[in-house]
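> next input, structure requested:
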Amino acid sequence: MDVKGLMPWSRSRNLPASRFSGEDNPFLALHREMNRTFDDFLRGFDLPVAQGGWSGAWPHVELSETDKDVRVVAELPGLEEKDVELTLNDNVLTLKGEKKTENESPTYTERWHGKFQRSIQLGSEVDPDKIEASFKNGVLTVTLPKRPDSQNKAKRIAIKAG
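Now for the predicted structure:
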């Protein structure tokens, strides 16, 4: 297969673009072409592009909170822990790094690479001295324990009838 045939700017004007199954619907073909156009446009701004379209927040994260801690899990495929920097400043957890390209100058790529940064505002109850982070199989897990004095601070307020 000729790789250059996959690049839209190198196709002959006489030949149709490759077709995927289910693309007989002209509206579906238009939808895919519009998505590709926007993805190409936004790639020029060095922003990450998700598979289904543009994603303004990358890497994707999961946040969970219990009475004892806050847990942040971020997917960072293709990266190693040396490629990632994690900081906590004024209750803002910042994850930044860079995904470098494996090839010097690829002929054509749809893979994202470049610098990224994601900041997450946390509550003041997080104990900065006890934060733990682990990185395994492209998944970063950050556990932010809460201060003991901040746990169970919720107070029930009685409501009186009018």
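
> by contact count, what packs against the helix or strand containing residue 29?
If you go by DSSP states H and E, residue 29 is part of helix 26-43. Using 3 or more CB pairs under 8 Å, 6 or more residues apart in numbering; DSSP states H and E as the contact criterion, the neighbours of helix 26-43 among helices and strands are strand 49-50, strand 53-54. All C-beta atoms are positioned from the backbone trio N, CA, C, and that covers glycine.

> and it, how far from the chain's centre?
Taking the mean of its C-alpha atoms, helix 26-43 sits 20 Å from the chain's own mean (CA atoms, centre = their mean, to the nearest Å).

> residue 61 touches residue 72, doesn't it?
Yes. If you go by CB atoms under 8 Å, residue 61 and residue 72 touch, sitting 5.8 Å apart.

> which helix or strand in the protein has the lowest average pLDDT?
strand 53-54 (a mean of 40; mean pLDDT, DSSP states H and E).

> what pairs with the following helix or strand past that one, parallel or antiparallel?
Following the chain from strand 53-54 toward its C-terminal end, the next helix or strand by DSSP H and E is strand 61-65. Strand pairing for strand 61-65, determined by DSSP bridges: strand 69-75 (antiparallel).

> how about the helix or strand that the partner strand is followed by as CSV, C-alpha atoms only?
The first helix or strand that comes after strand 69-75 along the chain, using DSSP H and E, is strand 84-89. Taking C-alpha atoms only, strand 84-89 is exported to CSV below (Å, rounded to 0.1, in the frame of the first residue of the first chain):
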residue,chain,number,x,y,z
VAL,A,84,5.7,13.9,33.3
GLU,A,85,6.0,16.7,35.9
LEU,A,86,3.5,16.9,38.8
THR,A,87,3.3,20.0,41.1
LEU,A,88,0.9,21.3,43.8
ASN,A,89,0.8,25.0,44.2
